[in-house]
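> Fold the following.
(4 chains)
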Protein chains: 2
Amino acid sequence: MNNPLILVVEDENALRENITAIIAHYGFRVISAPSGEAGVKMAVESNPDIIICDIMLPGIDGFEVLAQIKQAQQSATHAFIFLTAKSTRSDTRAGMNMGADDYLTKPFTKEELLNSIKARMEKLAQIRQSQPEKDALIEASLEKITSLTKAERKVLNKIAEGFTTPQIAEKLFVSKKTVENHRVNISRKLDLSGPNSLINFALRLRAQKSTIPFPDNVPAAPSH
Amino acid sequence: MNNPLILVVEDENALRENITAIIAHYGFRVISAPSGEAGVKMAVESNPDIIICDIMLPGIDGFEVLAQIKQAQQSATHAFIFLTAKSTRSDTRAGMNMGADDYLTKPFTKEELLNSIKARMEKLAQIRQSQPEKDALIEASLEKITSLTKAERKVLNKIAEGFTTPQIAEKLFVSKKTVENHRVNISRKLDLSGPNSLINFALRLRAQKSTIPFPDNVPAAPSH
DNA sequence: TTAAAAATGAGTGGATCCACTCATTGTAAA
DNA sequence: TTTACAATGAGTGGATCCACTCATTTTTAA
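Numbers count the residues shown, from 1 in each chain, chains lettered A, B, ... in the order given. Okay, the predicted model is just below:
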């Protein structure tokens, strides 16, 4: 698994920046959200490998974040780590029973955080275990992916998840026409043509890389 | 998931029988082992969905059990729940960092046990089912592939190679109509439906099995 | 030999994908 | 502010996929 993507959902600015800094320093790609609502949106869009989420959040809380992500993204090939100041037994059980994968009690050390991430990562790698026989077409196109815009990357991600145009339109809250336009633009940028070439490309790409690098993990195409 | 299998590794006879009775009472299949060594052997043989394992065991301890099972069975997608009397933070972290999925501190109630099992079960079901990219669909369909005829296998093979209907028709020296008919029949036999579902299936099948068992490696479906 | 299944091909219709053009609105940089 | 690009959405048309039905010929098994 190369370059895992980690999403941090934490409302306290200092703690959020601290965590993201630690994660980034150890070579993982990281994105963050200051609220549950933003976290859900980002998770659906970017499909991170690991989600680290505080339970006490303004607006919807961590439990609700987990529930909504489970709802929206049935392809739960990610790990969910809860953060909390409360460490009562019933609280811990509630989190785990909702489908969390780990439960870190604040304050936690850098090592505890990293070890937890590492353990979940290994678990995920075990689960996925897709063999990476290199594909010339994919390899050649990897550079060109950087020329895709944010919206185009979102669409490509959904294509790779196996969704059809109408489904993608619904999930991204845009019209089918817009999705179709994005598909055409993606195909053009990647030099693809012919029926099924895009779904074909997306699935092979996904077979190689656990998650597609976008849309906020990688700088979008420059405006000019 | 039908009839999940749960393995209980616990040396105290009373507790082990108590746990297995609870689990069995709620309709799950359950097997048990009184030692780590027996537990590892049983896990490798029976490939249970969930392993509930005490940490304090005579002979090899729970950590070692987990390590050995991970070693022997790296492809298995199962959940591992630790049981322990010690509930210190460092102890919990050690267990989770080794790849455990939950950590129950003794004494625990029947509800805590069942909820933990239920949560891990849902997680497993999600993983297996979703892997839109993976096993559940493929695995479930592997048997059905044997019901495909020779011509249908040839077509499925070409689909997996990324060819479109017109290309397949040309390569197999038949008309496009014939290929289309085969595609429909394949979809029907594999319980697929919707646009791209076939190419999607074929590519995932190919990603999973380096060589697809057909068209000439496996006997065709019996004529009647 | 006879009956069943497979393989081939055609017809029809609907849904989707692909590829163009065009327009509007928003955003970001010169 | 002006300019360029992104994002959105619509229109059109063609190719393909999907799902039916139907028919003919060939192969296979009883």
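
> Contact partners for the nearest residue to A:Ala85 once chain neighbours are set aside?
Leaving aside its sequence neighbours, A:Ala85 sits nearest to A:Lys106 (CB to CB, 6 or more residues apart in numbering or on different chains; 4.7 Å). Quick note: C-beta positions are derived from backbone N, CA and C, even for glycine. Applying CB atoms under 8 Å, 6 or more residues apart in numbering or on different chains, we find A:Lys106 in contact with A:83-85.

> now with 10 Å?
A:Lys106 is in contact with A:12, A:15, A:54-56, A:83-87, counting by CB atoms under 10 Å, 6 or more residues apart in numbering or on different chains.

> Give me the phi and psi angles of it.
Note on A:Lys106: its backbone torsions stand at phi -80, psi 140 [degrees, to the nearest 10].

> what residues go with each domain of chain A?
A:5-128, A:136-208 (automatic domain parsing).

> ok now the first one, how far from the chain's centre?
Computed by CA atoms, centre = their mean, to the nearest Å, the separation of domain A:5-128 from the middle of its chain amounts to 11 Å.

> Now stretch A:178-186: average pLDDT?
The pLDDT scores in stretch A:178-186 average 92.

> Export only the CA atoms of that stretch, formatted as CSV.
The C-alpha coordinates for stretch A:178-186 follow below in CSV (Å, rounded to 0.1, in the frame of the first residue of the first chain):
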residue,chain,number,x,y,z
THR,A,178,-22.1,17.3,-15.4
VAL,A,179,-20.8,13.9,-14.6
GLU,A,180,-20.8,13.0,-18.2
ASN,A,181,-18.9,16.1,-19.1
HIS,A,182,-16.3,15.3,-16.5
ARG,A,183,-16.0,11.8,-17.8
VAL,A,184,-15.3,13.1,-21.3
ASN,A,185,-12.8,15.5,-20.0
ILE,A,186,-11.0,12.8,-17.9
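
> Contacts for that stretch, please.
Residues outside stretch A:178-186 that contact it (CB under 10 Å, 6+ apart): A:144-145, A:147-149, A:151-156, A:158-159, A:163-172, A:174-175, A:192, A:198-199, A:201-202.

> out of those, which are buried?
Buried by 16 or more other CB atoms under 10 Å in any protein chain shown: A:145, A:148-149, A:151-156, A:158-159, A:163-165, A:168-169, A:171-172, A:174, A:192, A:198-199, A:201-202, out of these.

> Now narrow those residues to whatever sits close to chain B.
With CB under 10 Å from any CB of the partner chain as the criterion, the buried ones among the contacts of stretch A:178-186 include A:159, A:163-165, A:198-199, A:201-202 near chain B.

> give me every residue that touches A:Arg155.
For residue A:155 the amino acid is Val, not Arg. Per CB under 10 Å, 6+ apart, neighbours of A:Val155: A:148-149, A:163, A:165, A:168-169, A:172, A:174, A:178-183, A:185-186, A:198, A:202, A:215.

> and if we set it to 6 Å?
Neighbouring residues of A:Val155 by CB atoms under 6 Å, 6 or more residues apart in numbering or on different chains: A:179, A:182.

> Now do it against A:Gln167, distance only.
From A:Val155 over to A:Gln167 the distance is 11 Å, taken as CB to CB, to the nearest Å.

> Same check on A:Asp61?
29 Å.

> next one: A:Leu5
Counting by CB to CB, the separation of A:Leu5 from A:Gln167 is 22 Å.

> Tell me if I'm right that A:Ile81 and A:Cys53 touch.
No. Look at A:Ile81 against A:Cys53 with CB atoms under 6 Å: they stay out of range, at 7.2 Å.

> Neighbour count for the two, which is higher?
Each of A:Ile81 and A:Cys53 has its neighbours counted (other CB atoms under 10 Å in any protein chain shown); A:Cys53 has more, 27 against 22.

> you'd agree that one is in a helix?
No. A:Cys53 is assigned strand when assessed by DSSP: H, G, I helix; E, B strand; the rest coil, not a helix.

> For A:Asn13, give me the pLDDT.
91.

> Next, work out how far apart the residue nearest to it when sequence neighbours are not counted and DNA strand D are.
Nearest non-adjacent residue to A:Asn13, counting by CB to CB, 6+ apart: A:Pro34, 7.2 Å away. Distance, A:Pro34 to DNA strand D, using CB to the nearest atom of the strand, to the nearest Å: 21 Å.

> Verify the contact between A:Pro34 and A:Glu12 for me.
No. The pair A:Pro34 and A:Glu12 fails to qualify as a contact (CB under 6 Å) at a distance of 8.8 Å.

> residue ranges with poor pLDDT in chain A?
For chain A, applying pLDDT under 70 flags the ranges A:1-2, A:71-77, A:126-143, A:207-224.

> Indicate which one of the domains of chain A is closest to B:His25.
B:His25 lies closest, by CB to CB, to one member of the domains of chain A: domain A:5-128, at 19.4 Å.

> Spatially central residue in chain A, please.
The C-alpha lying nearest the average C-alpha coordinate of chain A belongs to A:Pro48 (CA atoms, centre = their mean; 1.8 Å).

> can you tell me which helix or strand the nearest residue in space to that one that is not next to it in sequence belongs to?
Distances taken as CB to CB, 6+ apart place A:Leu7 nearest to A:Pro48, at 4.0 Å, with adjacent residues excluded. Following DSSP states H and E, the helix or strand that holds A:Leu7 is strand A:5-9.
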